[in-house]
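Colleague: Kindly generate the corresponding structure for this input.
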Amino acid sequence: MKRFLVTAFLGAMIFCGFALAISIDTGVARTTANVVGATGSSASVQTFGDNWPMFRHDAQRTGSSTSLASNGRLLWRFYAGGELHSSPAAVNGVVYVGSFEGDVYALNGANGSKIWEFNTASPQIGSSPAVVDGVVYVGSLYDDSSRSSYVYALNASTGSKIWQYTTDSGIESSPTVVDGVVYVGSFNGYVYALSVATGSPLWIFNSNSSTYPSPAVVGGVVYIGAYDGHVYALNSTNGSITWSVHTGGGIYSSPSVVDNVVYIGSNDSNVYALRANDGLQVWRYATGRDVLSSPAVARGGQPR
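Modeller: Numbering: from 1, shown residues only. From the prediction side, this is the model:
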C-alpha cells in the first residue's frame with residue numbers, strides 16, 4: 001500500500017502556502033495544492049471519535065487521526081480576546097487551547113461554551129497543550145515583569161494549577177508527555193525533561209540554539225530540531241546525544257517519526273527523511289521554499 005507524507009512550505013518573502021503529498025518510500029511528490037481558507041454555515045451535529053490529546057496528535061507527531069470531519073461546516077466559534085497561535089487539543093469532548101492574551105481555555109467541544117479559563121503570568125501562549133491522564137501541560141512566553149517563562153501543569157477538569165516550572169526564555173514548543181515525563185524545548189536552546197508529578201527537571205540538554213519545534217518521543221529517544229539547523233536524537237532517560245544531523249537551514253518544523261524514519265522540514269527548503277536509529281539520510285525533497293510546517297504521515301489516506 002502506498003504511504004504518504006503531507007507537509008506544507010512557506011515562502012519567507014512572498015508568504016504563499018502550498019501543501020505537498022510526498023511518497024515516504026521514495027521522496028517523490030505526488031500532489032501539490034494551494035492552501036486556502038474556508039468558512040461554512042452552522043451545523044447541529046458534532047461527533048468525537050479519536051481524541052487529539054497533543055500537538056500533531058501523538059508522541060510520534062504523526063499528525064494523523066482516525067476521526068474525520070463530515071462536511072467542514074462551522075459548528076461554533078469562541079472569541080478568546082486575542083490571537084490564537086496555539087493548536088487545540090481535544091480529549092473526551094473538551095477542547096483545550098491557549099491564547100496570545102496569556103489564557104488557557106477549556107471549551108465544550110459540542111457548543112464552544114467555556115468550561116474554565118486559566119490566566120498565566122505570561123502575556124502570550126504559543127505552545128499547544130498536551131492533555132494526558134487528566135492533566136493539561138502547556139508552555140508560555142515571557143512574563144513581562146520577571147522576564148521568565150513557564151511550563152504549567154493544570155487540572156484538566158477544573159483548570160487549577162498543579163505545578164509550574166520556571167525557565168529564563170520563551171517556550172513555543174509544545175510538550176510531549178510519555179511515561180511520566182514532560183519533554184519540551186525553549187528559545188534558550190534547552191530541551192527539558194520534567195517530572196509529570198512535580199515539574200522538577202530530570203535532565204536538561206543544551207543545543208546552543210533555539211529549539212522552537214516540539215519534540216517527538218519514540219522508543220526511548222527524543223527527536224527535536226534546532227534553529228542552527230541540527231536535528232537531534234537524545235536518550236530519553238538522561239538527555240545524552242544518540243546522534244545529530246546538520247541541515248542547511250534553521251528548523252521550525254517538528255519531526256514526525258514513523259516506521260523508524262524521522263521526517264522533518266528545514267529552512268534550507270528541503271524535507272528530510274532520516275533513519276531514526278542513526279540519522280542517515282533516506283531521502284530529501286527540495287521544495288524551493290522554507291519548510292516551516294510539520295509533516296503528517298499516513299498510509300493510503302489512513303493514519304499511520
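Colleague: C-alpha from now on. contacts and neighbour counts both.
Modeller: Noted.
Colleague: So the nearest residue to Asn260 once chain neighbours are set aside versus Thr242, what's the distance?
Modeller: Leaving aside its sequence neighbours, Asn260 sits nearest to Ala276 (Cα to Cα, 6 or more residues apart in numbering; 4.9 Å). Distance, Ala276 to Thr242, using Cα to Cα, to the nearest Å: 10 Å.
Colleague: for Val132, same thing?
Modeller: Taking Cα to Cα, one finds Val132 at 27 Å from Thr242.
Colleague: Specify the beta-bridge partners of Tyr223.
Modeller: In this entry, Tyr223 is beta-bridged to Ala216, Ala233, by DSSP bridges.
Colleague: Report the contact partners of it.
Modeller: Counting by Cα atoms under 8 Å, 6 or more residues apart in numbering, Tyr223 makes contact with 215-217, 231-234, 255.
Colleague: Averaged pLDDT, stretch 158-167. What do you get?
Modeller: Per-residue pLDDT over stretch 158-167 has a mean of 96.
Colleague: Distance from the chain centre to it, please.
Modeller: Centre-to-centre, stretch 158-167 and its host chain are 20 Å apart (Cα atoms, centre = their mean, to the nearest Å).
Colleague: Would you mark the buried spots in it?
Modeller: 159, 162-164, 167 (16 or more other Cα atoms under 10 Å).
Colleague: out of those residues, which are inside helices?
Modeller: Among the buried residues of stretch 158-167, none falls in helices (DSSP state H).
Colleague: how about those in CSV, adding distance to Thr211?
Modeller: Formatted as CSV, the buried residues of stretch 158-167 follow (distance: Cα to Cα, whole Å):
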residue, distance to Thr211
Gly159, 27
Ile162, 25
Trp163, 23
Gln164, 20
Thr167, 13
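Colleague: Sitting in strands, which of those residues do you find?
Modeller: By the criterion of DSSP state E, membership of these in strands covers 162-164, 167.
Colleague: which of the residues you listed sit farthest apart?
Modeller: Ile162 and Thr167 (17.0 Å; Cα to Cα).
Colleague: For the nearest residue to Thr237 once chain neighbours are set aside, list the residues it contacts.
Modeller: With Cα to Cα, 6+ apart as the criterion, Thr237 has its nearest non-adjacent residue at 7.3 Å, and that residue is Gly220. Applying Cα under 8 Å, 6+ apart, we find Gly220 in contact with 235-237.
Colleague: end-to-end on stretch 220-239?
Modeller: By Cα to Cα, one end of stretch 220-239 lies 10 Å from the other end.
Colleague: Mind jotting down where the strands sit in the stretch 51-200 of the chain?
Modeller: 89-91, 94-98, 103-108, 114-119, 130-132, 135-139, 149-155, 161-167, 176-178, 181-185, 190-195 (DSSP state E, counting those that start in this stretch).
Colleague: Val261: which of the ones you listed is closest?
Modeller: strand 176-178 (18.5 Å).
Colleague: got a pLDDT number for Arg304?
Modeller: Looking at Arg304, the pLDDT reads 52.
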